[in-house]
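Chemist: Below is the structure, and that's it, no one-letter string:
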């Protein structure tokens with residue numbers, strides 16, 4: 001899927017990150033979400049290599065990246081730790097600053113990167129998320145049902161790891177299909193890649209650690225920043241999937257509370273997986289934003 005890309009292994013302070021790099025021009029960092037890998041960008045990344053240096057990491061513990069054993073304090077898989085990995089990635093590639101696009105968990109890493117390392121982020125795009133603390137605080141009965149995985153994956157003592165490990169393929173396929181607007185929206189090559197990685201016990205464990213951090217350290221870090229009035233200073237775009245049954249959260253107004261300037265964005269006709277379900281509309285929204293001064 002990425003014939004024009006080179007694969008690199010980059011060591012950070014506590015992880016080893018698998019990265020694909022291709023193209024030339026301004027640095028563009030694309031971050032995947034759960035339960036996927038960098039392969040989620042396979043419909044978009046090849047169309048960007050003529051104008052951008054496209055960087056596609058697997059988040060720590062996901063895909064072919066190696067993360068540390070999960071810790072009981074939920075710090076090692078916090079978005080702060082994952083964002084810190086990105087500083088090592090950019091340093092290893094001799095890049096000072098990048099445009100960052102993050103989907104799902106990658107969006108959470110992306111906005112944490114913009115908050116903690118503002119000098120490294122030129123622009124930020126977040127796909128189909130609102131900030132973690134806002135997600136928890138605004139969750140209602142509908143949200144608890146549709147977003148059950150937030151609570152399930154954060155359960156302690158290895159419970160979700162055991163249950164998912166009994167049939168990881170069924171869990172992965174159910175998750176992807178249930179979040180997409182149309183079942184079967186994923187290419188066979190991408191699905192094979194997701195399955196290859198998600199069958200690994202270490203990946204399942206890392207994913208659960210990620211969500212445990214989402215329910216603890218990430219929520220705390222967000223709340224502290226909001227209390228202190230800390231803002232994302234770079235230009236921000238938010239795009240989200242417009243599908244039946246989705247709650248009518250006002251994404252622009254929510255993100256505006258976190259940004260120094262008014263964010264832009266709109267809904268895209270698809271489910272949760274914008275880069276794969278509707279890559280053309282997603283790319284059409286991204287390119288003008290990338291070019292704006």
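Modeler: Yep, it's here. Note that the coordinates shown come from a computational prediction; the quantities given were computed from them, not determined experimentally.
Chemist: next one: the lowest-mean-pLDDT helix or strand in the chain to chain centre, how far?
Modeler: In the chain, no helix or strand scores lower on mean pLDDT, DSSP states H and E than helix 141-146, which sits at a mean of 83. Taking C-alpha atoms, centre = their mean, to the nearest Å, one finds the center of helix 141-146 at 21 Å from the center of the full chain.
Chemist: Which helix or strand lies directly C-terminal to that helix?
Modeler: Downstream of helix 141-146, the first helix or strand assigned by DSSP states H and E is helix 148-153.
Chemist: Which parts of the protein are strands?
Modeler: 6-11, 16-23, 26-31, 52-57, 98-103, 121-127, 236-241, 264-268 (DSSP state E).
Chemist: where do the helices sit along the stretch 51-200 of the chain?
Modeler: In the stretch 51-200 of the chain, the helices defined using DSSP state H, counting those that start in this stretch lie at 79-92, 105-116, 132-138, 141-146, 148-153, 159-166, 168-179, 188-198.
Chemist: Now do the last one and helix 168-179, the angle between them.
Modeler: Right, helix 188-198. Using axes from the mean of the first three to the mean of the last three C-alpha atoms, to 10 degrees, the inter-axis angle of helix 188-198 relative to helix 168-179 is 130 degrees.
Chemist: next one: the longest one
Modeler: Angle between the axes of helix 79-92 and helix 168-179 is 100 degrees (criterion: the same axes, to 10 degrees).
Chemist: So which other helices or strands are in contact with helix 79-92?
Modeler: If contacts are counted by 3 or more C-beta pairs under 8 Å, 6 or more residues apart in numbering; DSSP states H and E, helix 79-92 sits against strand 6-11, strand 16-23, strand 26-31, strand 52-57, helix 105-116, helix 201-214, helix 217-228. Quick note: C-beta positions are derived from backbone N, CA and C, even for glycine.
Chemist: As JSON lines, these with mean pLDDT would be great.
Modeler: What follows is the helices and strands packed on helix 79-92, written out as JSON lines (pLDDT from 0 to 100):
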{"stretch": "strand 6-11", "mean pLDDT": "98"}
{"stretch": "strand 16-23", "mean pLDDT": "98"}
{"stretch": "strand 26-31", "mean pLDDT": "98"}
{"stretch": "strand 52-57", "mean pLDDT": "98"}
{"stretch": "helix 105-116", "mean pLDDT": "98"}
{"stretch": "helix 201-214", "mean pLDDT": "98"}
{"stretch": "helix 217-228", "mean pLDDT": "97"}
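Chemist: Could you dump the strands of the chain into CSV with distance to residue 211 and mean neighbour count added?
Modeler: Formatted as CSV, those follow (distance: least, C-beta to C-beta, whole Å; neighbours: other C-beta atoms under 10 Å):
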stretch, distance to residue 211, mean neighbour count
strand 6-11, 24, 13
strand 16-23, 20, 20
strand 26-31, 16, 24
strand 52-57, 19, 24
strand 98-103, 16, 26
strand 121-127, 18, 25
strand 236-241, 20, 24
strand 264-268, 25, 17
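Chemist: which stretch among those comes nearest residue 204?
Modeler: strand 16-23 (17.2 Å; C-beta to C-beta).
Chemist: Since that was my last question, I'll sign off now.
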